[in-house]
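**Student:** Make a model of this:
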Amino acid sequence: MAKSLDVERLEQAVKSVYQDVAEEPAEEYHFEMGRELAERLGYPASDLDQIPPQALESFAGVGYHFDLAALEEGDDVLDLGSGSGTDAFVAALHVGESGSVAGLDMTDQQLSKARQLRDEVGMDNVFFEKGYIEDIPFDDGTFDVVLSNGVINLSAEKQRVFTEANRVLKPGGRLAISDIISEKLMPKSIKNNEDLWAACIGGAEQVDRYTELIEQTGFEVREVRDNTQYEFISDQAANACQKYGVKSISLGANK
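**Tutor:** Next up is the predicted model:
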């Protein structure tokens, strides 16, 4: 019988990977990182030119969803799993000084790097908080937009994540995310393996179930699209892509 998922070990495995992503971005990982990846996913070079290059070195996103977010001057934005800050810094460019961007992350090393970069470039409308995406430390109706990039698949409590995202959004608020999903149901031997979760494989929900979870929390899903530009680079991940249809999507929804 396959063992059940050890959530505490999963958290430690995820923190370990993303601690290394923050501190050792030049090392090899199962996923691509950096500016070249961001440009291929669709980030405009004009935006990337204006954010700290050290944040981009640790960028490990899986898609581009800022068009789905439709950020406006003055918007208040929350980025779930903000890492070293790439998406928070890009969002700050679009909401201007009258808006604000909050980055939420559970990994101390990512938060430290993002805060240092924010201070160095003087982006005063960006702040980073430590916390969990399943228990968002903000009041109801705080934000106009919630973003997330390649993070929600790492959570063992996805419905709770979407419930929390809905709670902190204002009425009519927008959810714009990119994430890893699967086309086929994966066996428990994969779903209950924390190392494969940390590799963005084990936690990939079937796409129909994924959108169902979002809609059950009160969102109306507007658009779901494949990010064919995104590819896993490790053999383990590439095999899962072939066998179970593990892939990246971007999704836009309204509260």
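
**Student:** so residue 255 sits right up against residue 163, yeah?
**Tutor:** No: applying C-beta atoms under 8 Å, one finds residue 255 not in contact with residue 163, separated by 11.6 Å. C-betas here are computed from N, CA, C, even on glycine.

**Student:** Please, where are all the strands along the protein?
**Tutor:** Applying DSSP state E to the chain gives strands spanning 76-80, 100-105, 126-130, 143-149, 169-182, 205-206, 220-226, 247-254.

**Student:** Relative to residue 33, tell me which of those strands wins on proximity.
**Tutor:** Comparison of these against residue 33 by C-beta to C-beta identifies strand 143-149 as nearest, at 12.3 Å.

**Student:** Tell me which stretches of this protein form helices.
**Tutor:** Remark: helices assigned in the chain by DSSP state H are 7-23, 35-41, 45-48, 53-57, 66-69, 86-95, 108-121, 158-168, 188-191, 194-198, 207-216, 235-244.

**Student:** Give me the contacts around the first one.
**Tutor:** What that stands for is helix 7-23. For helix 7-23, the surrounding residues in contact (C-beta atoms under 8 Å, 6 or more residues apart in numbering) are 27, 29, 33, 58, 60, 83-84, 106-110, 112-113, 154, 156, 194-195, 197-199.

**Student:** Please give the number of neighbouring residues around residue 195.
**Tutor:** 13 (other C-beta atoms under 10 Å).

**Student:** since we're on the nearest residue to residue 95 once chain neighbours are set aside, how many residues are nearby?
**Tutor:** Spatially, and ignoring its direct neighbours in sequence, residue 95 is nearest to residue 75 (4.6 Å; C-beta to C-beta, 6 or more residues apart in numbering). Neighbour count for residue 75, taken as other C-beta under 10 Å: 22.

**Student:** Give me the distance between residue 75 and residue 250.
**Tutor:** 19 Å (C-beta to C-beta, to the nearest Å).

**Student:** same deal with residue 114?
**Tutor:** From residue 114 to residue 250 the distance is 22 Å (C-beta to C-beta).

**Student:** Counting neighbours, go ahead and name the busier of these two.
**Tutor:** residue 114 (29 against 24).

**Student:** Hmm, residue 128 and the more buried one touching each other?
**Tutor:** Yes: between residue 114 and residue 128 there is a contact under C-beta under 8 Å: 4.8 Å.

**Student:** Need the overlap of contacts for those two.
**Tutor:** 82, 85, 88, 103, 105.

**Student:** one step back: could the strands of the chain go into TSV alongside distance to residue 214?
**Tutor:** Shown next, in TSV, are the strands of the chain (distance: least, C-beta to C-beta, whole Å):
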stretch	distance to residue 214
strand 76-80	13
strand 100-105	18
strand 126-130	23
strand 143-149	11
strand 169-182	7
strand 205-206	10
strand 220-226	6
strand 247-254	6
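
**Student:** Indicate which one of the ones you listed is closest to residue 118.
**Tutor:** Checking these against residue 118 by C-beta to C-beta gives strand 126-130 as the closest, at 5.1 Å.

**Student:** So which elements touch that closest one?
**Tutor:** Based on contacts counted as 3 or more C-beta pairs under 8 Å, 6 or more residues apart in numbering; DSSP states H and E, the elements that strand 126-130 packs against are helix 86-95, strand 100-105, helix 108-121.

**Student:** which outside residues touch the second one?
**Tutor:** Okay, so that is strand 100-105. Contacting residues not belonging to strand 100-105 are listed as 76-83, 85, 87-89, 91-92, 95, 111, 114, 125-131, 133, 136-138, 143 [C-beta under 8 Å, 6+ apart].
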